[in-house]
Each structure stands twice: as structure tokens, then as C-alpha cells.
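Asks: any chance you can model this:
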Amino acid sequence: MTIDREKLIQAYPIRQFLADRGIQCKPGGKELKACCPFHEDKSPSMGVNEDKNLWHCFVCGVGGTVIDFIVRKQGVSVNEAIKILAEPAN
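Replies: Model (predicted):
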């Protein structure tokens, strides 16, 4: 079975994806803001673009799609992250 990566990314809105992982987004101009989970962050430094379904931290420089988030947070390959995201529970 082939999984369409782009459809999978778009099927899981970034705001909901982050909320499901305990990361709350707040309004902050054109984008939402959140504390970055990849470094010590006391004030929101991560921008979340709902239109593009992307996230980016302006302090540590990491960002990307929900797949990139899983790769970085769980230390897995892109293919493994796709499998994780495609699981029925997700």
C-alpha cells in the first residue's frame, strides 16, 4: 500500500497535531505562536502557519511538517514517521 505523503500531511491540521502532543498554540499576528518543545522555551518562539500546515522555531531554527516534527521528536526515519502518522489511531 502506497501512502500519499502530501495527503497525509494535509489530513492532520498542524494546530490539532500539536495540541494532541500537549503544545498549545496562541494567536500571534499572522501565525499562531507556541513554545518550542525542542529547547528550553519560556516564551513562545515557534510560529505555526495553519494555512501552510507548517511550524518553525525562530530560536533553534527547526521546522517543517507534521512528519518532520515526528522525525525530530521521536528520532525516527521519515518512512517510520509516515507509518506512525498513518496509523488508524492518528
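
Asks: residues touching the residue nearest the centre of the chain, list them.
Replies: Nearest to the mean C-alpha position of the chain, by CA atoms, centre = their mean, lies residue 66 at 3.8 Å. Neighbouring residues of residue 66 by CB atoms under 8 Å, 6 or more residues apart in numbering: 9, 12, 14, 17, 53, 85. From N, CA and C alone the C-beta is placed, and that goes for glycine too.

Asks: and the residue lying closest to residue 58 once chain neighbours are set aside, how many neighbours?
Replies: Nearest residue to residue 58, sequence neighbours excluded (CB to CB, 6 or more residues apart in numbering): residue 45, at 5.3 Å. Neighbours of residue 45 under the rule other CB atoms under 10 Å: 16.

Asks: so which residues of this structure form strands?
Replies: 26-28, 31-34, 46-49, 54-57, 63-64 (DSSP state E).

Asks: could you dump these to CSV with mean pLDDT and mean neighbour count?
Replies: Listed next are the strands of the chain as CSV, based on pLDDT from 0 to 100; neighbours: other CB atoms under 10 Å:
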stretch, mean pLDDT, mean neighbour count
strand 26-28, 92, 10
strand 31-34, 96, 20
strand 46-49, 97, 21
strand 54-57, 97, 20
strand 63-64, 97, 16
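
Asks: good, wrapping up.
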